[in-house]
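Colleague: Predicted coordinates and the sequence they were generated for:
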Amino acid sequence: MVIFAPANDCFLMKFDYDVIVVGAGHAGCEAAAAAANLGSRTLLITMDMNKIAQMSCNPAVGGIAKGQIVREIDALGGYMGIVTDRTAIQFRMLNRSKGPAMWSPRAQSDRVKFMSVWHNVLDHISNLFVWQDMVVQLLIDETARCVTGVKTMLGIEFHASSVVLTNGTFLNGLMHIGRVQFSGGRISEPSSSGLTEQLVSFGLRSGRMKTGTPVRIDGRSVHFDEMTEQPGENDFRKFSYLDTVRRELKSLSCWTLYTNEASHNVLRDGLQDSPLYNGQIKSIGPRYCPSIETKIVTFADKTQHQLFLEPEGETTNEYYLNGFSSSLPFDIQLRALKEIPAFRDIQLYRPGYAIEYDFFDPTQLHHTLETKHIRNLFFAGQINGTTGYEEAAGQGIVAGINAHIKCNGGTPFILTRDEAYIGVLIDDLVTKGVDEPYRMFTSRAEYRILLRQDNADMRLTEKSYELGLADNYRHHLLKEKKEVVELIISFAENYSVKPVQVDALLMAHGTAPLSHGCKLLEIIKRPQIRLKDTIEALPEFQEKLAHLSIALARREEIMEAAEILMKYDGYIKREQQIAAKINRLEHIVIRGRFNYESIQTLSTEARQKLMRIDPETIAQASRIPGISPSDINILLILLGR
């Protein structure tokens, strides 16, 4: 809304919105889309409209645990999965040799098309407006300690009821290539200053983190015949649950190769000019995505490290070298690569670099991602100390939803640890904080049998539909899936099979034939037998499913979901029981009920951490590092429990 207000015989323009989102990376795009789709008049402010949803590092989405997050975003009505499917140039399901709790989808995307499709998505969302500019200041009512809008580099003030900051690596960003340092939020893009200093003045704690990215390589200079090809998969799997979304681009291969001692020697000789080792970089980098110079120092006994050469797009010659992040001088990077036989004639588009940037201690946030210090101000993405597109996007959709709710009223939207990986992510951030860039892994989730990639829609779409974010068609697909899954399971539980019907199938798959009849469910539970095989072997089963007017790819996905529920029924029920017991503590609210400093029976560490984090519930308090079971018992006793 634009209001013309008279002042000194002039007209001043006042720009009013419900929600303002600062930054159009993966967190910002999901936040803005969610708020606007829920009905809030939303403004998305970005430095460069041509860099919306830029994939600053690897042009890939998903991976271990990250793929589950993308499916959760899609189940909630977000767009990361849809955009990835439409721009994927390779798709793979990782961890297929393990149980379904570990299966994780991953796709390579065409970098340019990914940005273009996201831009097109945003252009067609009602209530969503985009402004190209840099935010330099928050407008804050100091008396109410409440954000009221933003001021940009052009001197324009935009007002809103809620503001979401998704600044990525831009806050006081400083880049390093050897001893060369220069300001920037990404290569060839300016950094952002002023916001950190303003927020610190309001009592928020900030810190510095570091990340990096590898060289970009001209594929025409590479000897592909001296590498190992890694093709993608072309089955029914994808990220989005919508049957209207398909993988449209041709599938391209990735390639694997290894460093060698000769390349390591070049890297070692250059360490004196490495910002990581000469004291130039003082901040914390990601433990699970180390630079190549960190690898050769930390794992000095290793004679080689695996690298992945990954295409940047369907038609470009540009390739990304996964596993070779570096901030060493350009000439050192180039010389080391030339020692690898397949790269002896290598040509680079640009070197790798490291970047340092500001973040804020996420224990200063509520589970809604609203800051505790300034009302109506939300943080999402790397500003909270995370790393990865998927972690950012997961925070973004939750922040966008809650920013809308803060404007329009309603119950805060919070995902728990047994409902979503996004819930695990946010709870880890606000409860434990970070001492290094946070990356999601399946091992961080105690209920990962419940949080599978196949059932994200079953877990979350109903919640999103009730909220008003998931649309009617998505809800229809969910109901249809539930009905078909129930039909399949019911048939398997009640249909009796005789040895003559299935013995040939059983022996063909290396499992013992039947000695007597049994329910079909017992056959399906055998690890060697696939549901699809039993359907093909039993005409009655085929007849039961024949009337379903579901596309083949969607039918296969539904059958896989039903099969997992049948095979792992016991494990799933056991984990549900454990989650139910823990959830009782989630309902015991303690925020505002204790003066922790005065409870002398608590340990000193417990008092300090409880005062700093101010947990919402007993369950959250129990997850704070350093809080012992005896500390929790003391709080329960004081509550009269």
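Modeller: Sure, I can see it.

Colleague: Tell me what Leu321 is bridged to.
Modeller: Legend: beta-bridge partners of Leu321 under DSSP bridges are Leu309.

Colleague: Hmm, Gly219 and it touching each other?
Modeller: No. The criterion here is CB atoms under 8 Å, and Leu321 misses it with Gly219 at 11.0 Å. The way it works is simple: take the backbone N, C-alpha and C, and place the C-beta from them, glycine included.

Colleague: The two: which is more packed in?
Modeller: A direct count of neighbours by other CB atoms under 10 Å for Leu321 and Gly219 places Leu321 higher, at 26 against 15.

Colleague: Which residues are in contact with the more buried one?
Modeller: 214-217, 307-310, 337 (CB atoms under 8 Å, 6 or more residues apart in numbering).

Colleague: And Leu334, by the same measure?
Modeller: Contacts of Leu334 (CB under 8 Å, 6+ apart): 346, 348, 351.

Colleague: cool, and Gly99?
Modeller: 449, 568 are the contacts of Gly99 under CB under 8 Å, 6+ apart.

Colleague: how near is it to Lys567?
Modeller: Taking CB to CB, to the nearest Å as the measure, Gly99 falls 9 Å from Lys567.

Colleague: Is it possible to get the contacts of Leu321 out as a markdown table so that each row also shows pLDDT?
Modeller: Listed next are the contacts of Leu321 as a markdown table, based on pLDDT from 0 to 100:
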| residue | pLDDT |
| --- | --- |
| Pro214 | 95 |
| Val215 | 96 |
| Arg216 | 97 |
| Ile217 | 98 |
| Leu307 | 98 |
| Phe308 | 97 |
| Leu309 | 98 |
| Glu310 | 97 |
| Leu337 | 98 |
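
Colleague: Top of those by number of neighbours, please.
Modeller: That'd be Pro214 among those, by other CB under 10 Å, with 26 neighbours.

Colleague: close enough to count as contact, that one and Tyr319?
Modeller: No. Using CB under 8 Å as the test, Pro214 is too far from Tyr319 to be in contact (9.9 Å).

Colleague: out of the contacts of Leu334, who's nearest Thr87?
Modeller: Leu348 (24.6 Å; CB to CB).

Colleague: ok, how many other residues are close to the closest one?
Modeller: Leu348, neighbours per other CB under 10 Å, totals 17.

Colleague: quick one, what contacts the residue nearest to it when sequence neighbours are not counted?
Modeller: The spatially closest residue to Leu348, leaving aside those adjacent along the chain, is Val215, at 5.2 Å (CB to CB, 6 or more residues apart in numbering). Val215 is in contact with 321, 324, 326, 333, 337, 348-352, counting by CB under 8 Å, 6+ apart.

Colleague: same thing but 6 Å
Modeller: If a contact means CB atoms under 6 Å, 6 or more residues apart in numbering, then Val215 has 321, 333, 348, 351-352 as its contacts.

Colleague: now those in TSV, with pLDDT, secondary structure and distance to Gln272?
Modeller: Converted to TSV, the contacts of Val215 look like this (pLDDT from 0 to 100; DSSP: H, G, I helix; E, B strand; the rest coil; distance: CB to CB, whole Å):
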residue	pLDDT	secondary structure	distance to Gln272
Leu321	97	strand	23
Gln333	97	helix	15
Leu348	97	strand	22
Pro351	96	coil	18
Gly352	95	coil	18
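
Colleague: so where's the stretch 351-500 of the chain uncertain?
Modeller: Scanning the stretch 351-500 of the chain for pLDDT under 70 picks out nothing.

Colleague: Start from the N-terminal end of it and give the strands.
Modeller: 353-360, 377-379, 496-497 (DSSP state E, counting those that start in this stretch).

Colleague: What separation do you get for Glu356 and Ile281?
Modeller: Counting by CB to CB, the gap from Glu356 to Ile281 is 6 Å.

Colleague: Show me whatever sits in contact with both of the two.
Modeller: Common neighbours of Glu356 and Ile281 (CB under 6 Å, 6+ apart) are Lys210.

Colleague: After the helix or strand encompassing Glu605, which helix or strand is next? Please name it.
Modeller: Element membership of Glu605, judged by DSSP states H and E, is helix 604-613. Scanning forward in sequence from helix 604-613 by DSSP H and E, the next helix or strand is helix 618-622.

Colleague: what packs against the helix or strand just after that following helix?
Modeller: Using DSSP H and E, the helix or strand that follows helix 618-622 in sequence is helix 629-638. Using 3 or more CB pairs under 6 Å, 6 or more residues apart in numbering; DSSP states H and E as the contact test, no helix or strand touches helix 629-638.

Colleague: Tell me the pLDDT of the residue lying closest to Gln137 once chain neighbours are set aside.
Modeller: Spatial nearest neighbour of Gln137, excluding adjacent residues (CB to CB, 6+ apart): Lys151 at 4.2 Å. With respect to pLDDT, Lys151 scores 97.

Colleague: one step back: let's have the contacts of Leu321 in TSV, adding distance to His159.
Modeller: What follows is the contacts of Leu321, written out as TSV (distance: CB to CB, whole Å):
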residue	distance to His159
Pro214	42
Val215	44
Arg216	41
Ile217	47
Leu307	49
Phe308	47
Leu309	48
Glu310	43
Leu337	51
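
Colleague: Longest helix in the protein, please.
Modeller: Determined from DSSP state H, the single longest helix within the chain is helix 472-494.

Colleague: Go ahead and name everything in contact with that one.
Modeller: Counting by CB under 6 Å, 6+ apart, 457, 461, 465, 520-521, 524, 544, 558, 561-562 sit against helix 472-494.
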